[in-house]
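Enquirer: predicted model follows, preceded by the sequence.
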Protein chains: 2
Amino acid sequence: MKKRTSLKDIAEKLNLSKTTVSWVLNGQAEKKGISKNTQEIVLNCAKELHYQPNLIARSLNIGQTKTIGLILPSISDFFYSSIAREIENQANLHGYSLMIASSESDFNKEELVIQMFKSKGVDGIIIAPTKRSKVEIERLMLEKFPLVTFDRYFPELETSYIIIDNKESSYKLTKHLVSRGCKNIALITTNSYLTTMGERNEGYKQALLDSGIKFNPTLVGNVEYEDYETKIVKILDNIFEKVPDVDGFFFTTHILALEAFLYFNNRGIDFNRQFQLACIHGVSLFKILAPKINIARMPVADIGKNAIDILLGEIREKNEQSGEKGQYKVVLPCTLYLNN
Amino acid sequence: MKKRTSLKDIAEKLNLSKTTVSWVLNGQAEKKGISKNTQEIVLNCAKELHYQPNLIARSLNIGQTKTIGLILPSISDFFYSSIAREIENQANLHGYSLMIASSESDFNKEELVIQMFKSKGVDGIIIAPTKRSKVEIERLMLEKFPLVTFDRYFPELETSYIIIDNKESSYKLTKHLVSRGCKNIALITTNSYLTTMGERNEGYKQALLDSGIKFNPTLVGNVEYEDYETKIVKILDNIFEKVPDVDGFFFTTHILALEAFLYFNNRGIDFNRQFQLACIHGVSLFKILAPKINIARMPVADIGKNAIDILLGEIREKNEQSGEKGQYKVVLPCTLYLNN
DNA sequence: CTGAAAGCGCTTACAG
DNA sequence: CTGAAAGCGCTTACAG
């Protein structure tokens, strides 16, 4: 097995020092005043031997890996994989690679992943955190480790974060359903302990309040994350039983909407005709499944771009050891698509 | 800024050598006969100082990163993100983390990613390759770099790979459409230069041949990858114009099917009633969109598990420098879901 | 039962 | 214009 060619190999072959070779290969040749001739020789030799630097060694030396860690609840969720894509693109533009891990909304796994990423030397972490993972997150804060959360955040912690205007979008969607004549709007939501979801629920309530409609707890279906496919069935059954004249549905995630559509379909319910619908975020298939659904579309590209920009900013700050670490809070607006 | 605690810190604090501390912390204490007492002291101190090993340093030393690189055409494609999820889970079980990159089906980007992953020291690469990326792949082969391709493969190269029974599944699906009475089955496919797709196309042709139906090139719609949303419209328009009595559609990917459904929908075509449908792979929404579509479901979990098992096998082989590198070829069957 | 020392492949202050 | 040498934080043969 032929070993990879190293700086040393090139240096020995050329009777130069590793220093010189390193400088040339890192574009410091001019600054260090290496002769044109030497530069050329080194470059040629490197190409010839197909030199690829060992970035591990460099990382150990400079304390940076040019890698960032991305932690998502689940990479196979369409929203998160879209975000991942944006973040990857943006990271690439700045010369960074991505380590990805799914927390499966399990805070034990999340803590393990954070530790692993740190051990493996990522320069920063972007995370859509699970509720309880505060221990490791707080430690990251203490260490001033570059970190940005998105989609979710901890009001009590001073991490940078990027979220959407949850309450406002929910408010507007609900208001719109009311304006379309709805009196009994069901709220289908999940993980209400997340501030993100709490805010969406509040928007719904506030809209009802402002419209003079009494909030009816029976119309709230809180679908727990695990095994939601079966849970939502019971929840919807219950709503139809207790409030037969339900006339609208507000879904706080597209996953819930899709699952509900399956339910309606199985029950033979012509949901597009019978109900006004609204949802936070949407997928292109809604055009077929529910052409008249009202959507607050999340700014996926913006979320990704902001996440990287802020994280790289924090990394820069840290390297310049400017002492204080800033906190960047970004609230991005959703784009509303309202029908009629 | 407090520096992370290192082996040296612990050693100095305890008046022990780095050697001893390292052995204890790596579970080699018994083998090396470290006294129980020393073990305890070290472990406690490590916990107290919240020691987290610098895996970069270890990697540089042992030449392994316990990280594998995953290269996908696009992480936001549901099929690939599902695979990514399986691979991540399997990798985690074996103590590996994942670096992920999207090639965007661009072989230049793919080559860059491969080089980057190698430079960053991944122990092996799992890739769904783009047609032309053979240069770097061949180099990986030459270097006996642990590598497995999935979904696609290169017949001329001796890489390990995992594919599905493309021809057979396509054959059976097409045959089924024929048995349901179809005479004019359109084939909607993409990237036909990929062996994967070539095989699917062949299965279709073979089924027609065996059924005594003449192959009609006009019924073949080859949707190129870039900008497929608009291209498929033209292609479908063309088919309807030239072969108005088209009575069946075989889609070689679920993406194409979904896009076609959008088209049908926009044109007001009641496709579920008018046509027999078949598709390689499916998504749960098909239950609503096209309840009677015939599916050959890809074994996502199996693909992921096999990919990791084979890759880890190759990594092991390489470390044991057993000289020869085996080639593992796995062809997994799809599960057919046929209606009526 | 424990330690001194070399080495993994780079970078970089220092010296000339 | 170029080089010798230390160091990043680990692991591990070797020695005792």
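Expert: On my side now, so go ahead. Worth saying up front: this structure is predicted, and the values here are computed from it rather than measured.
Enquirer: how close does the residue of the stretch 101-250 of chain A found nearest DNA strand D get to chain B?
Expert: For the stretch 101-250 of chain A and DNA strand D, the shortest gap (Cβ to the nearest atom of the strand) falls at A:Ser119, measuring 8.9 Å. Any C-beta I mention is one placed from the backbone N, CA and C, and that applies to glycine too. Applying Cβ to the nearest Cβ, to the nearest Å, the value for A:Ser119 to chain B is 5 Å.
Enquirer: contact partners for the residue nearest to that residue when sequence neighbours are not counted?
Expert: Leaving aside its chain neighbours, A:Ser119 sits nearest to B:Leu55 (4.5 Å; criterion: Cβ to Cβ, 6 or more residues apart in numbering or on different chains). Residues in contact with B:Leu55 (Cβ atoms under 8 Å, 6 or more residues apart in numbering or on different chains) are A:Ser119, A:Lys120, A:Gly121, B:Thr65, B:Lys66.
Enquirer: please redo it, this time with the cut-off set to 7 Å
Expert: A:Ser119, A:Lys120, A:Gly121 (Cβ atoms under 7 Å, 6 or more residues apart in numbering or on different chains).
Enquirer: just A:Val233 next, same as before
Expert: A:Val233 neighbours (Cβ under 7 Å, 6+ apart): A:Tyr263.
Enquirer: ok, which stretches of the stretch 101-250 of chain A are helices?
Expert: Per DSSP state H, counting those that start in this stretch, the stretch 101-250 of chain A carries helices over the ranges A:107-119, A:134-142, A:166-179, A:195-210, A:228-242.
Enquirer: only C-alpha atoms, please: export the last one in PDB.
Expert: I take that to be helix A:228-242. Extracted in PDB, the C-alpha atoms of helix A:228-242 (Å, rounded to 0.1, in the frame of the first residue of the first chain):
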ATOM      1  CA  TYR A 228     -48.100  10.500  15.600                       C
ATOM      2  CA  GLU A 229     -49.600   8.500  12.800                       C
ATOM      3  CA  THR A 230     -51.900   6.600  15.100                       C
ATOM      4  CA  LYS A 231     -52.300   9.400  17.600                       C
ATOM      5  CA  ILE A 232     -53.700  11.800  15.200                       C
ATOM      6  CA  VAL A 233     -56.400   9.400  14.200                       C
ATOM      7  CA  LYS A 234     -57.700   9.300  17.800                       C
ATOM      8  CA  ILE A 235     -57.500  13.000  18.100                       C
ATOM      9  CA  LEU A 236     -59.400  13.700  14.900                       C
ATOM     10  CA  ASP A 237     -62.000  11.100  15.800                       C
ATOM     11  CA  ASN A 238     -62.400  12.900  19.100                       C
ATOM     12  CA  ILE A 239     -62.900  16.300  17.500                       C
ATOM     13  CA  PHE A 240     -65.500  15.100  15.100                       C
ATOM     14  CA  GLU A 241     -67.300  13.400  17.800                       C
ATOM     15  CA  LYS A 242     -67.300  16.300  20.300                       C
END
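Enquirer: for that helix, buried residues please.
Expert: By 16 or more other Cβ atoms under 10 Å in any protein chain shown, the buried positions in helix A:228-242 come out as A:Tyr228, A:Lys231, A:Ile232, A:Val233, A:Ile235, A:Leu236, A:Ile239.
Enquirer: with the fourth one instead?
Expert: When neighbours are counted by 16+ other Cβ under 10 Å, the buried residues of helix A:195-210 are found to be A:Thr196, A:Met197, A:Gly198, A:Glu199, A:Arg200, A:Asn201, A:Gly203, A:Tyr204, A:Lys205, A:Gln206, A:Ala207, A:Leu208.
Enquirer: same question for the third one.
Expert: Applying a neighbour-count criterion of 16+ other Cβ under 10 Å, the buried positions in helix A:166-179 are A:166-178.
Enquirer: take these and write them to CSV, including distance to DNA strand C.
Expert: Converted to CSV, these look like this (distance: Cβ to the nearest atom of the strand, whole Å):
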residue, distance to DNA strand C
A:Asn166, 43
A:Lys167, 47
A:Glu168, 46
A:Ser169, 46
A:Ser170, 49
A:Tyr171, 51
A:Lys172, 51
A:Leu173, 52
A:Thr174, 55
A:Lys175, 56
A:His176, 56
A:Leu177, 58
A:Val178, 61
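Enquirer: low-confidence ranges in chain A?
Expert: A:1-2, A:133, A:321-324 (pLDDT under 70).
Enquirer: now which of the contacts of B:Leu55 would you call buried?
Expert: Buried, going by 16+ other Cβ under 10 Å: A:Ser119, A:Lys120, A:Gly121, out of the contacts of B:Leu55.
Enquirer: what is the nearest of those residues to DNA strand C?
Expert: A:Gly121 (12.6 Å).
Enquirer: I figured the closest one hits A:Lys66, correct?
Expert: No. Taking contacts as Cβ atoms under 7 Å, A:Gly121 lies outside contact range of A:Lys66: 9.9 Å.
Enquirer: and the end-to-end length of stretch A:65-78?
Expert: One end of stretch A:65-78 sits 28 Å from the other (Cα to Cα, to the nearest Å).
Enquirer: may I see the buried residues of that stretch?
Expert: Here stretch A:65-78 shows A:65-78 as buried, counting by 16+ other Cβ under 10 Å.
Enquirer: would CSV of the residues you listed with distance to A:Lys305 be doable?
Expert: Formatted as CSV, the buried residues of stretch A:65-78 follow (distance: Cβ to Cβ, whole Å):
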residue, distance to A:Lys305
A:Thr65, 22
A:Lys66, 19
A:Thr67, 19
A:Ile68, 14
A:Gly69, 18
A:Leu70, 14
A:Ile71, 18
A:Leu72, 17
A:Pro73, 21
A:Ser74, 22
A:Ile75, 20
A:Ser76, 23
A:Asp77, 20
A:Phe78, 19
